[in-house]
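Undergrad: any chance you could fold what I've pasted below:
(chains A, B, C and D)
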Number of protein chains: 2
Amino acid sequence: MGLRERKKLHTRRAIAAAALRLFAERGYEETTIADIAQAADVSPRTFFSYFPSKEDVVFAEIDERLAEVREGVAQRPPGETPLESMRRIVFAMIEAIAAAHGEYGAIQVQLILERPSLQARALKRMNDTEQHVVERLTELSPDLDEIDAVVIAGALVGGMKAVITHCRAHGYAPAATREAVDRALAIVEHGLGSVPALNRPVP
Amino acid sequence: MGLRERKKLHTRRAIAAAALRLFAERGYEETTIADIAQAADVSPRTFFSYFPSKEDVVFAEIDERLAEVREGVAQRPPGETPLESMRRIVFAMIEAIAAAHGEYGAIQVQLILERPSLQARALKRMNDTEQHVVERLTELSPDLDEIDAVVIAGALVGGMKAVITHCRAHGYAPAATREAVDRALAIVEHGLGSVPALNRPVP
DNA sequence: CCAATATATACACTGAGTGCGAACTTGCAG
DNA sequence: CTGCAAGTTCGCACTCAGTGTATATATTGG
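TA: Numbering: from 1, shown residues only, chains lettered A, B, ... in the order given. Okay, the predicted model is just below:
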């Protein structure tokens, strides 16, 4: 990795960190791009060569983790059933979200919850992830009907969203979270278990 | 209904119609609020007393129909099981979406599909509807755990989204749509059928 | 017809986001 | 080390969405 790329990554992180810090200190609306740029020691114009909009900077860290999850999903032990794969994906994502509760994680979550426009963007990201799951699913089980794959992905992501919603309302106690995941998966699986293609291992 | 309210509704519709027409003619980005205001014969400032943002005007008609659906969901025949209620809601919504394919419906759908920001807003509306379903569900079955209700709503709305996605890809042929709905519901229900609270009729 | 109230508009302003060309930095080849 | 090509930052000028406010105009109820 050359100097150029390292610098870029550093600048990107500096901008994101400065933005999140300012958002936390004085609020989202009250922070301008100019403020962020100044705090990160770049020109206002440069901000937009790293993030296409002010809203996107909130998702900087989340997007990084999401990319990791997608990588991880790619390689999968042989003999694993599609259903098991799906369970693994869901757990990886929940874990990724929980892990995001680091330095600025709490601020991100709070911002997203209280700004409808950020909520909308978060949902869009979930939807994109869902599309990804559909692709992966049809790849794993070529004999699976497209409509079935779409429904299954929807149910899975819906379940995930349910867990997040539930945890938000009841705090992120690990035991409660685990229980929520188990319950959600149990419910969804009872329906999913009846799709034969999902329970046949692939070579 | 007084003159004042009639006029307001008329202006609202005029603005929405002008906006959709201009979006169709020259594109979304290429149409400014000033253009819309001029076409609807109001001042630019007035636009914002009817719609909070340029994006919201795209959803004007959809929101009207969604409100109708919520009304319809409210009164429900006695003895109907929660599961039957849910099926009724899903069908009503699918129907509402299909009905929106009127004068400007096609333009709306096209706009939403090709602008990520509009997609995000559409998903937010779906999510809000999902919240509504959760509320209604816990109201209908007080003995239903919250987490279960959230998962069920998620699965239902996920299924709905799946149907829409599928229909979009395969055209809106009525037969195909009906089949998609049946398949989606069948899949979801196989899971949902195992939740006892859902199959007990309420007084 | 009058007064209270709701609505429309004009005006001025902030801030997000874009296009462009100039200045600068890095990577690489000779 | 040196200079050239490519990538990156920056300043500047601009458009447009969206807001606050004060003023004018229309509607309603009495």
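
Undergrad: which strand or helix spans the closest residue to residue A:87 other than its chain neighbours?
TA: Residue nearest to residue A:87 in three dimensions, not counting chain neighbours: residue A:185, with 6.4 Å by CB to CB, 6 or more residues apart in numbering or on different chains. Just so you know, the C-beta spots here come from the backbone N, C-alpha and C atoms, and that holds for glycine as well. Assigned by DSSP states H and E, residue A:185 falls within helix A:174-192.

Undergrad: verify the stated contact: the residue nearest to residue A:87 with residue A:159.
TA: Yes: counting by CB atoms under 8 Å, residue A:185 touches residue A:159, with 6.6 Å between them.

Undergrad: which SS class is residue A:120?
TA: helix (DSSP: H, G, I helix; E, B strand; the rest coil).

Undergrad: what residues are up against residue A:116?
TA: residue B:124 (CB atoms under 8 Å, 6 or more residues apart in numbering or on different chains).

Undergrad: and residue A:117, how many neighbours?
TA: Using other CB atoms under 10 Å in any protein chain shown, residue A:117 is surrounded by 16 other residues.

Undergrad: surely it is in contact with residue A:55?
TA: Yes: the pair residue A:117 and residue A:55 qualifies as a contact (CB under 8 Å) at a distance of 6.5 Å.

Undergrad: in stretch A:177-192, what's buried?
TA: A:177, A:180-181, A:183-185, A:187-189, A:191-192 (16 or more other CB atoms under 10 Å in any protein chain shown).

Undergrad: flag every residue of chain A that's near chain B.
TA: Residues of chain A lying close to chain B (CB under 8 Å from any CB of the partner chain) are A:116, A:119-121, A:123-124, A:126-127, A:145-148, A:150-159, A:161-163, A:165-166, A:169, A:180, A:183-184, A:187-195.

Undergrad: narrow the residues you listed to those that are buried.
TA: A:119-121, A:123-124, A:126-127, A:146-148, A:150-159, A:161-163, A:165-166, A:180, A:183-184, A:187-189, A:191-192, A:195.

Undergrad: neighbours of residue A:87, how many?
TA: Neighbours of residue A:87 using other CB under 10 Å come to 18.

Undergrad: could you list the domains of chain A?
TA: A:3-51, A:58-194 (automatic domain parsing).

Undergrad: hey, least reliable of the ones you listed by pLDDT?
TA: Of all the domains of chain A, domain A:58-194 carries the lowest average pLDDT, namely a mean of 77.
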